[in-house]
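Asker: The following block contains a protein sequence and its predicted model.
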Amino acid sequence: MLLSFRVANHRSLRSEQQLLLTPGLSADGPADVDGKAARVLGIFGPNASGKSNVIDAMLYMRDLVQGSLRESEPGAGIQRHPFALAHAAREIPSTYAIDLLLEGVRHTYGFSVDDEQVVEEWMYSYPQKQKHTIFHRTEDVYSYGDHSPDSMRQVEGITESNVLFLSVAARSKQGLVRPVYDWFAGVLDRRPATGRPSYGAGLTVAALGRRGYIERLTALLRAADTGIETAEVITETDAELAKRVADLELDGRYLVKPRKYLVFRHRGETGAFSLRLEDQSLGTRALYEIGIPVFRALDLGLPLIVDELDSSLHPYLSAQLIRLFSDRSTNPHDAQLIFTSHDVTLLGRIQGEEVLDRDHIWFTEKNEYGETELFSLSEFEPRRDENRARRYLAGRYGAVPIVDDDLFAAALATRGERDDGSSGAQDREGQH
């Protein structure tokens with residue numbers, strides 16, 4: 001389980017910010033954290049406050065661990081995203097670090113990178129709450145703990161300066177680092193704003209059928225009152241295949257197999273009728289797309305990171321998804337959900353139940369220099385019975401946009417209203 005995440009100099013996150021899923025966790029020593037990490041954490045704040053940048057930093061760390069060995073050419077440097085509003089930030093390394101609880105043992109892993117190389121990289125474990133160094137790297141100089149095998153020392157000789165040692169060691173079958181590497185490999189995400197497939201959402205229709213997800217997705221969509229009764233896999237007919245091949249202008253050298261696709265059957269006035277996924281409403285598609293990684297996370301005990309959980313979803317549906325992770329009966333493997341949202345109703349009660357505990361609510365806001373600050377609702381010591389949504393909208397917790405009503409109205413006014421106070425209608429009449 002993820003216990004904490006720290007980041008500095010990534011997009012709007014200039015100074016070090018920490019997302020803490022375990023109250024009382026120390027960055028410098030062991031803590032009694034067994035079983036206490038939050039299964040759900042939500043990040044709220046105004047537009048452009050840096051919510052998505054927190055998510056982006058976590059996924060950047062995952063992607064670099066997974067891809068630095070595969071994608072980095074020797075001497076090609078490292079692609080990163082330092083704070084853009086100060087030239088000095090380009091000269092400072094970007095730093096990322098996590099604390100994990102894996103099979104009852106706490107692990108700490110992190111790295112600092114600049115445009116050219118890995119500046120520093122480290123991994124520690126805490127069996128019986130005693131700190132063990134697995135490795136520590138400062139540029140191309142390495143040190144190891146007493147429990148690290150000699151074979152790990154051989155890995156440094158094949159690790160380029162712009163590649164993470166963890167990536168190479170894991171691929172070199174170093175068992176001591178595999179638990180941390182495998183955690184990163186299991187991180188699922190959903191980022192609807194990027195327009196590209198997310199981890200966990202790209203399963204083929206055939207895979208959906210093999211894993212039993214079609215039935216579960218159907219049950220989810222029916223429970224959400226989408227009008228869907230059943231779903232089934234349809235195979236492309238010979239005529240449809242022939243037309244597709246003709247449209248693609250392919251010749252006989254290419255073997256084109258019939259496609260399989262999902263069809264959803266809806267109840268209608270005159271009986272059932274079928275629609276493909278692309279013909280469904282935006283909300284139905286959003287629920288379908290998030291349903292797959294949710295099932296995978298819950299089944300396998302994986303972390304799921306979602307940007308804009310409330311995108312195209314009713315607050316009740318968002319709350320139900322959150323409860324799937326909060327409730328141990330539906331989340332026996334300790335999967336974790338970390339999400340961003342603008343939906344303030346998730347701060348309070350829905351159908352009489354609190355959606356989130358106060359330790360599970362975090363906020364982002366930007367200071368006058370465009371730097372994101374990340375902080376927890378717990379810092380305000382809210383009373384159990386207070387209306388969090390109302391107090392948040394009233395600005396009691398910060399992290400709300402400061403809108404100049406006059407400037408906002410002027411920005412939306414017609415040209416005629418801005419220039420001389422005349423109405424838009426009069427301005428248009430003068431053009432005829």
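Answerer: The structure has been received and is ready for your questions. Numbers count the residues shown, from 1 in each chain.

Asker: make it CA atoms for all contacts and neighbour counts henceforth
Answerer: OK.

Asker: quick one: the helices in this structure?
Answerer: With DSSP state H as the definition, the chain shows helices at residue ranges 51-71, 150-155, 165-171, 178-185, 205-210, 213-223, 238-248, 282-300, 315-326, 388-393, 405-412, 415-420, 424-429.

Asker: how about TSV for the ones you listed, with mean neighbour count and distance to Leu85 added?
Answerer: TSV is the format used below for the helices of the chain (neighbours: other Cα atoms under 10 Å; distance: least, Cα to Cα, whole Å):
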stretch	mean neighbour count	distance to Leu85
helix 51-71	19	15
helix 150-155	14	38
helix 165-171	22	31
helix 178-185	17	30
helix 205-210	14	45
helix 213-223	17	44
helix 238-248	12	47
helix 282-300	19	34
helix 315-326	19	35
helix 388-393	16	28
helix 405-412	10	24
helix 415-420	13	31
helix 424-429	12	38
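
Asker: Make TSV out of those and add mean pLDDT and distance to Leu337.
Answerer: Formatted as TSV, the entries for the helices of the chain read as follows, by pLDDT from 0 to 100; distance: least, Cα to Cα, whole Å:
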stretch	mean pLDDT	distance to Leu337
helix 51-71	94	12
helix 150-155	94	33
helix 165-171	96	25
helix 178-185	97	14
helix 205-210	71	22
helix 213-223	86	18
helix 238-248	84	40
helix 282-300	89	9
helix 315-326	92	7
helix 388-393	81	21
helix 405-412	64	36
helix 415-420	57	46
helix 424-429	47	48
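
Asker: any chance of those in CSV, plus distance to Arg11?
Answerer: Converted to CSV, these look like this (distance: least, Cα to Cα, whole Å):
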stretch, distance to Arg11
helix 51-71, 7
helix 150-155, 32
helix 165-171, 24
helix 178-185, 21
helix 205-210, 36
helix 213-223, 36
helix 238-248, 42
helix 282-300, 26
helix 315-326, 28
helix 388-393, 26
helix 405-412, 27
helix 415-420, 35
helix 424-429, 40
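
Asker: Which one of those helices lies nearest to Glu103?
Answerer: Comparing the helices of the chain against Glu103 with Cα to Cα, the closest turns out to be helix 178-185 (8.8 Å).

Asker: wait, which of the helices of the chain is closest to Arg265?
Answerer: Ranking the helices of the chain by distance to Arg265, with Cα to Cα as the measure, places helix 213-223 first at 9.9 Å.

Asker: got the angle between that closest one and helix 282-300?
Answerer: For helix 213-223 against helix 282-300, the angle by axes from the mean of the first three to the mean of the last three Cα atoms, to 10 degrees is 130 degrees.

Asker: My guess is Asp114 contacts Pro93. True?
Answerer: Yes: counting by Cα atoms under 8 Å, Asp114 touches Pro93, with 4.5 Å between them.

Asker: circling back to that earlier point, identify whichever of the helices of the chain lies nearest to Glu379.
Answerer: Relative to Glu379, the nearest member of the helices of the chain by Cα to Cα is helix 388-393, separated by 13.4 Å.

Asker: Residues touching that closest one, excluding its own?
Answerer: Contacts to helix 388-393, defined as Cα atoms under 8 Å, 6 or more residues apart in numbering, come from residues Val344, Thr345, Leu346, Leu347, Gly348, Tyr397, Gly398, Val400.

Asker: how about the nearest residue to Phe325 once chain neighbours are set aside, what does it touch?
Answerer: Among residues not flanking Phe325 along the chain, Asn331 sits closest, at 5.4 Å (Cα to Cα, 6 or more residues apart in numbering). Residues touching Asn331, when contacts are defined by Cα under 8 Å, 6+ apart, comprise Leu298, Asp299, Gly301, Leu324, Phe325.

Asker: Now do the same contact list for the first one.
Answerer: The neighbourhood of Leu298, defined by Cα under 8 Å, 6+ apart, consists of Phe325, Thr330, Asn331, Pro332, His333, Asp334, Ala335.

Asker: ChimeraX command to pick out the buried ones of these?
Answerer: Only the buried members of the contacts of Leu298 end up in this ChimeraX selection, burial being decided by 16 or more other Cα atoms under 10 Å:
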select :325,331,333,334,335
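
Asker: any chance of the contacts of Leu298 in TSV, plus distance to Leu3?
Answerer: Putting the contacts of Leu298 into TSV (distance: Cα to Cα, whole Å) gives the following:
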residue	distance to Leu3
Phe325	16
Thr330	21
Asn331	17
Pro332	18
His333	16
Asp334	12
Ala335	12
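
Asker: Closest to Ile234 out of the contacts of Leu298?
Answerer: With Cα to Cα as the yardstick, the closest approach to Ile234 among the contacts of Leu298 comes from Thr330, at 30.8 Å.

Asker: State whether that closest one and Gln320 are indeed in contact, as I suppose.
Answerer: No: between Thr330 and Gln320 no contact is recorded; they are 11.3 Å apart, counting by Cα under 8 Å.

Asker: what's the pLDDT at Arg196?
Answerer: At Arg196, the model reports a pLDDT of 43.

Asker: Give me the neighbour count for Ser125.
Answerer: Other residues near Ser125 come to 23 when the count uses other Cα atoms under 10 Å.

Asker: ok, it to Asp334 distance?
Answerer: To Asp334, Ser125 is 20 Å away according to Cα to Cα, to the nearest Å.

Asker: any idea how far stretch 10-28 is from the chain center?
Answerer: Stretch 10-28 sits 16 Å away from the centroid of its parent chain (Cα atoms, centre = their mean, to the nearest Å).

Asker: mind listing what's buried in that stretch?
Answerer: Going by neighbour count (16+ other Cα under 10 Å), the buried part of stretch 10-28 is 10-22, 25.

Asker: what does stretch 262-280 give?
Answerer: Applying a neighbour-count criterion of 16+ other Cα under 10 Å, the buried positions in stretch 262-280 are Leu262, Val263, Phe264, Arg265, His266, Ser274.

Asker: And for the residue nearest to Leu374 when sequence neighbours are not counted, the neighbour number?
Answerer: Counting by Cα to Cα, 6+ apart, Leu374 lies nearest to Thr364, which is 4.7 Å off, once chain neighbours are set aside. For Thr364, the tally of surrounding residues (other Cα under 10 Å) stands at 25.

Asker: residue contacts, Thr364?
Answerer: Counting by Cα under 8 Å, 6+ apart, Thr364 touches Ile43, Phe44, Gly45, Pro46, Ser49, Gly50, Lys51, Thr372, Glu373, Leu374, Phe375, Ala399.

Asker: tell me the least confident of the residues you listed?
Answerer: Per-residue confidence across the contacts of Thr364 is lowest for Ala399, with 74 (pLDDT).

Asker: and the gap between that residue and Ser341?
Answerer: Here the criterion is Cα to Cα. By it, Ala399 lies 12 Å from Ser341.
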